[in-house]
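Sequence and predicted structure, then a few things I'm wondering about:
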Amino acid sequence: MAPYLVGVSLKMYFSHARTLAWCSAVAEVARAHPAVRDGAAELFVIPSYLSVTAAVDLLRGVAAVGAQDLAMEDEGAFTGEVSGAEIAEVGCRVVEVGHAERRRLFGETDAVVRAKTDAALRNGLAPVLCVGEAERGDPESVAQECVRQVDDALSSARAAGRNGHVIVAYEPLWAIGADSPAEPDYIRSVCAHLRRHLDSSPDFAGSRVIYGGSARPGLLGEIADDVDGLFLGRFAHRAESLEEVLDEVLSTRAALQAAGGR
Ligand SMILES: O=C[C@H](O)COP(=O)(O)O
């Protein structure tokens, strides 16, 4: 049975000191947890840039670390930017691309997302490619729109003949920062469609689909058949919550195994 992927973005919520304390607490939880020890869960953590190298050290052996953004280029006169090459050099394995907040607040266009997805793959990083609809719709049309976003984001990388592992984070924009996630059936329907689509792309074999947008303990069991994991934000700010999600990975796998699923 494939492991569930549990990712956390700390966005810009924490100070450096709080990030270090959180990473230490998460490392302790993860080292002791059978879901991580036995490979039932795979973790990744995405702090802000300045905390990335410390997080790599604190989480070594229990969680991959990533960055929240990367430059389109690999080096040069690009003040304020951080290249995928450097992100990989310091030990990151994943990088977020196209998050709704970067699109909405910092003007990232489809062209930028295409270039950054390519830059991630070019540097051996798995893009955590964020896709999602602006407004709640019918799941079939939403899924088609998300597939369009995925294919558009991958198009430059494909044209360059690249392949690799992509983590598609399905995040309905209306569920980000909300009180509760999208309804389980809605999530399942969109994610199942996205997974079928990725499965039909041999150049990105092994890619996974995770759900984010007010994801929290209690959700995985409701959607587990149709997702490869969760992308958590605010509801992972307590290490205990992450522990609850890891508990749920074990109970969910046991239930699915008993039912002969996944
Ligand atoms: O990166 C994570 C997502 O945007 C979800 O954030 P949230 O769970 O705080 O809504």
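Received, thanks.

Surely residue 174 is within a helix?
Yes. The assignment for residue 174 is a helix, going by DSSP: H, G, I helix; E, B strand; the rest coil.

Need the nearest residue in space to the residue of the chain found nearest the ligand, chain neighbours excluded.
Closest contact between the chain and the ligand, by CB to the nearest ligand atom, is at residue 233 (2.3 Å). In short, each C-beta sits where N, CA and C put it, glycine included. Leaving aside its chain neighbours, residue 233 sits nearest to residue 9 (5.9 Å; criterion: CB to CB, 6 or more residues apart in numbering).

Could you give the number of residues near the nearest residue to residue 160 once chain neighbours are set aside?
Nearest non-adjacent residue to residue 160, counting by CB to CB, 6+ apart: residue 118, 6.2 Å away. Close neighbours of residue 118, defined as other CB atoms under 10 Å, add up to 23.

so where does residue 118 fall, helix or strand?
helix 110-122 (DSSP states H and E).

mean confidence score for the helix or strand following that helix?
The helix or strand immediately downstream of helix 110-122 is strand 126-131, counting by DSSP H and E. Taken as a whole, strand 126-131 has a mean pLDDT of 98.

Let me know whether strand 126-131 sits next to the ligand.
No. Using CB under 6 Å from any ligand atom, strand 126-131 never reaches the ligand; the gap is at least 7.4 Å.

what distance separates that strand from the centre of its chain?
6 Å (CA atoms, centre = their mean, to the nearest Å).

Relative to it, what are the paired strands and their orientations?
Using DSSP bridges, strand 126-131 pairs in its sheet with strand 94-97 (parallel), strand 167-170 (parallel).
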